[in-house]
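Chemist: Fold the stuff below for me.
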Amino acid sequence: MATVDDLKFQEFDDAANLLAGNPDATTISIDEPSENPKNQYGLLQDSRREEDDELLGTDDSDKTELLAGQKKSAPFWTFEYYQTFFDVDTYQVLDRIKGSVFPIPGKNFVRLYIRSNPDLYGPFWICATLVFAIAISGNLSNFFIHLGKPAYQYVPEFRKVSIAATAIYAYAWLVPLALWGFLMWRNSKVMNIVSYSFLEIVCVYGYSLFIYIPTAILWIIPQKAVRWILVMFALCLSGSVLVMTFWPAVRDDNRRIALATMVTVVLLHALLAIGCLAYFFDAPDLNVLIPTAAAQNGTIVATKTQ
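Modeler: Numbering: from 1, shown residues only. As a prediction, this is how the structure comes out:
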């Protein structure tokens, strides 16, 4: 009985004799069956479907996350470890800013823009720009409101920079930290809840604050009605980004807990915007010199009112 090796040897011998007689002849191996064209078309369709799902941010894109998680990361005490948090190009930052200003209904901001490469570059500079925009605009608003009054003496208030920086950076870091801890706790209680990393939550909050930069500049307009319209518009845009991002993470939880979580997220976001408007613009500190008494030598004693 012929074995497999004997058949292969016979096939090789026949092919050698055929090529010796006709060098242009072609041989076909029984071990290499041709692929079915239908199978090739099906594979092509599957690959296209996977690409579409990854762009739309569906569940199939999680395969790339698992592969990314298998990569070895540098130790936290090295420069390379922190360099990864700022490894982002200009186009990615602009795309994420655009996504935070023009949120897409029904789409998750993390899956569409953040999850492939969360960064701290955009949130850091957005917060820094917002700090100076609020402080400078607050000083200019105070100046324009009292411009032309003879009793008013303008004094720049540099302390507003430190106050704005404390408020904004505390909000951009402490609130995401509390939300991340809460989601981790609820994830241990309820199964199948969407989870986000701390870096992803910080990234979402940082980019959601971008809309307040042009809003703070427009707050210079000395009209309270215009200012409140602007703050409500900015609050609706940035708040919708937070709601559409974090609602999938809590919607499978208890109904009351899910609603309370989203209400807290929106209220804290509104508190930051309304607090900045009320402190830096609606109630500016006044440095007005009021003559009170005349001294014997003809000088004027002045007092400072706020």
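Chemist: tell me the mean pLDDT over the host helix or strand of L267?
Modeler: Taking DSSP states H and E as the criterion, L267 maps to helix 255-277. Per-residue pLDDT values over helix 255-277 give a mean of 93.
Chemist: and that helix, what does it pack onto?
Modeler: With contacts taken as 3 or more C-beta pairs under 8 Å, 6 or more residues apart in numbering; DSSP states H and E, helix 255-277 sits against helix 159-189, helix 212-218, helix 224-250. Every C-beta, even on glycine, is put in place using the N, C-alpha and C of the backbone.
Chemist: Dump these into CSV; add mean neighbour count and mean pLDDT as well.
Modeler: What follows is the helices and strands packed on helix 255-277, written out as CSV (neighbours: other C-beta atoms under 10 Å; pLDDT from 0 to 100):
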stretch, mean neighbour count, mean pLDDT
helix 159-189, 16, 91
helix 212-218, 20, 94
helix 224-250, 18, 92
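Chemist: Export those as TSV, with columns for distance to S195.
Modeler: Rendered in TSV, the data for the helices and strands packed on helix 255-277 read as follows (distance: least, C-beta to C-beta, whole Å):
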stretch	distance to S195
helix 159-189	5
helix 212-218	28
helix 224-250	7
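Chemist: Of all the ones you listed, which one is nearest L271?
Modeler: helix 159-189 (8.7 Å; C-beta to C-beta).
Chemist: and the residue lying closest to G99 once chain neighbours are set aside, how many neighbours does it have?
Modeler: Counting by C-beta to C-beta, 6 or more residues apart in numbering, Y113 is the residue found nearest to G99 once chain neighbours are left out, at 4.9 Å. One way to gauge burial is a neighbour count; for Y113, by other C-beta atoms under 10 Å, it gives 22.
Chemist: I'd say Y113 and V101 touch.
Modeler: No: here Y113 lies out of contact with V101, judged by C-beta atoms under 8 Å, at a distance of 11.9 Å.
Chemist: What is the burial count for the spatially closest residue to I104 that is not a sequence neighbour?
Modeler: Taking C-beta to C-beta, 6+ apart, and ignoring the residues beside it in sequence, I104 has L112 as its nearest neighbour in space, at 7.3 Å. By other C-beta under 10 Å, the residues close to L112 number 19.
Chemist: wait, is L112 part of a strand?
Modeler: No: the assignment for L112 (DSSP: H, G, I helix; E, B strand; the rest coil) gives helix, which keeps it out of a strand.
Chemist: OK, contacts around the nearest residue to W180 once chain neighbours are set aside?
Modeler: Nearest-residue entry for W180: F198, 4.5 Å, with adjacent residues in sequence omitted and distances by C-beta to C-beta, 6+ apart. For F198, the contacting residues are P176, L177, W180, taking C-beta atoms under 8 Å, 6 or more residues apart in numbering as the criterion.
Chemist: Kindly report the same for P176.
Modeler: When contacts are counted by C-beta under 8 Å, 6+ apart, P176 touches F198, I201, V202, V204, Y205.
Chemist: now do G239
Modeler: Counted by C-beta under 8 Å, 6+ apart, G239 has contacts V266, H269, A270.
Chemist: if you set the cut-off to 6 Å instead, what comes out?
Modeler: V266, H269 (C-beta atoms under 6 Å, 6 or more residues apart in numbering).
Chemist: Ramachandran angles for Y152?
Modeler: phi -100, psi 130 (degrees, to the nearest 10).
Chemist: Y154 now?
Modeler: Backbone dihedrals for Y154, given as degrees, to the nearest 10, come out at phi -80, psi 130.
Chemist: State the distance from it to T84.
Modeler: Relative to T84, Y154 is positioned 46 Å away (C-beta to C-beta, to the nearest Å).
Chemist: The two: who's more crowded?
Modeler: Regarding Y154 and T84, a neighbour count based on other C-beta under 10 Å identifies T84 as having more, with 15 against 11.
Chemist: Would you agree the more buried one falls within a helix?
Modeler: Yes: counting by three-state DSSP, T84 is part of a helix.
Chemist: Show the pLDDT at it.
Modeler: 75.
Chemist: Name the nearest residue to P105, ignoring sequence neighbours.
Modeler: Taking C-beta to C-beta, 6+ apart as the measure, P105 lies nearest to M244, with 7.3 Å between them; neighbours along the chain are not counted.
Chemist: if I look at the one you found, how far off is Y171?
Modeler: Using C-beta to C-beta, one obtains 20 Å as the distance from M244 to Y171.
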